[in-house]
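> coords please:
(3 chains)
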Amino acid sequence: MPELPEVQTIVNGLRKKVLGKQISEILEHRKNTVVWHAECVDFGKIVSIDRRGKYIIIHLSNNLKLTVHLRMTGKLIFESDLSKISLYARAEIVFEDNTKLIFDDVRTFGKIEVMEESEMNFSISKLGVEPLEKEFNSEYLEDKINRRVAPIKNILLDQSVIAGIGNIYASEILFRAKIDPTKRGNELNKKEIAKIVLHTKAILTEAIKCNGTTISDYRSVEDKTGDFQNFLQVYGKEYCECGSKISRIKQAGRSTFFCNKCQRK
DNA sequence: ATTGCTTCCTGAGCGC
DNA sequence: TGCGCTCAGGAAGCAA
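Numbering: from 1, shown residues only, chains lettered A, B, ... in the order given. Coordinates of the predicted model:
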């Protein structure tokens, strides 16, 4: 399940592999994988590649944008042999130099969208701040959560508050901040809010350095796993470093892992 | 405005 | 060996 560090790793890989390439065609192997919001005859070249939250944004020389969301099992794998195809290839972006990007996605939740800049700005505008930017600080977070009664874990997953955090990093952030994930947004004091900000930035930065976390499906553009799974402290763990058993609960339909000795209300 | 439930989808893992 | 069940979860859509 790619979250911000995994998506950033993919963007870094794409910049190395496909920047400047001329797109010749986009093939759709499974219906509803590519969504066309704009007419497009000639794709042009890839001018630049960005990330916003968990979205990959590919800027084309014809001013159209390709946005890619990988959801749970999506991958973008660079392939220099056009005849190679993977079992779960849902679409392919083919380049004029006979290389391609395979959009591989077992569970088919991922999407590639083709759109004008104005439309992209609209959909992206619903996202909250980038957690690694200065705009994400204690004042911002306090303002966003101090009237909310939802559990802090759920708020961390809310992309309109912070863009890019998913289920694995949400558990890890709260573990390091030593905060009980069921604590409500409006119950957190300034010190706790500051800790969340600090550890969010630290964990995401460390995970990017490790090229992300691979639990099962995630792969980089070069089809490699990440390394941060080796540094997870609670997600998927049975015992905490303190020796206590890790608790596993469901929040917003997702598993939350935490240590009820180290993380307090 | 906010919260929380359901839906989409397929493979892995498990019990029988 | 194989069937049926549950689980994994990002985000849209919807109801309360």
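> Enumerate the positions of stretch A:158-165 that are buried.
A:158, A:161-165 (16 or more other C-beta atoms under 10 Å). Quick note: C-beta positions are derived from backbone N, CA and C, even for glycine.
> quick one: is that stretch near DNA strand C?
Yes: Stretch A:158-165 lies within reach of DNA strand C by C-beta under 7 Å from any atom of the strand, at A:Gln159.
> any residues touching that stretch, and which ones?
With contact meaning C-beta atoms under 8 Å, 6 or more residues apart in numbering, stretch A:158-165 is reached by A:3-4, A:7, A:52-54, A:126-131, A:136, A:141, A:144-145, A:150, A:155-157, A:173, A:200, A:204.
> With stretch A:115-131 instead?
A:4, A:37-38, A:52-53, A:55, A:57, A:63-65, A:67, A:135-136, A:140, A:144, A:158-165, A:200-201, A:204.
> starting at the chain centroid, how far to it?
Mean-position distance between stretch A:115-131 and its chain equals 15 Å (C-alpha atoms, centre = their mean, to the nearest Å).
> Alpha carbons of that stretch, in PDB - could you do that?
What follows is stretch A:115-131, C-alpha atoms only, in PDB (Å, rounded to 0.1, in the frame of the first residue of the first chain):
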ATOM      1  CA  MET A 115      -6.800  16.000 -17.600                       C
ATOM      2  CA  GLU A 116      -6.300  19.700 -18.200                       C
ATOM      3  CA  GLU A 117      -4.300  21.700 -15.600                       C
ATOM      4  CA  SER A 118      -7.400  23.500 -14.300                       C
ATOM      5  CA  GLU A 119      -9.200  20.300 -13.600                       C
ATOM      6  CA  MET A 120      -6.100  18.900 -11.900                       C
ATOM      7  CA  ASN A 121      -5.800  21.900  -9.700                       C
ATOM      8  CA  PHE A 122      -9.400  21.500  -8.600                       C
ATOM      9  CA  SER A 123      -9.000  17.800  -7.600                       C
ATOM     10  CA  ILE A 124      -5.700  18.400  -5.900                       C
ATOM     11  CA  SER A 125      -7.100  21.400  -4.000                       C
ATOM     12  CA  LYS A 126      -9.100  19.200  -1.800                       C
ATOM     13  CA  LEU A 127      -5.900  17.800  -0.300                       C
ATOM     14  CA  GLY A 128      -4.500  19.000   3.000                       C
ATOM     15  CA  VAL A 129      -0.900  20.200   3.500                       C
ATOM     16  CA  GLU A 130       2.200  18.300   2.500                       C
ATOM     17  CA  PRO A 131       3.600  16.800   5.800                       C
END
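> now it: mean pLDDT?
Stretch A:115-131 comes out with an average pLDDT of 86.
> Kindly report the same for stretch A:206-213.
Here stretch A:206-213 scores 92 as its mean pLDDT.
> can you check stretch A:8-28 too?
Mean per-residue pLDDT for stretch A:8-28: 96.
> List the buried residues in it.
Buried-residue list, stretch A:8-28, by 16+ other C-beta under 10 Å: A:8-14, A:17-18, A:21, A:23, A:26-27.
> No further questions, thank you.
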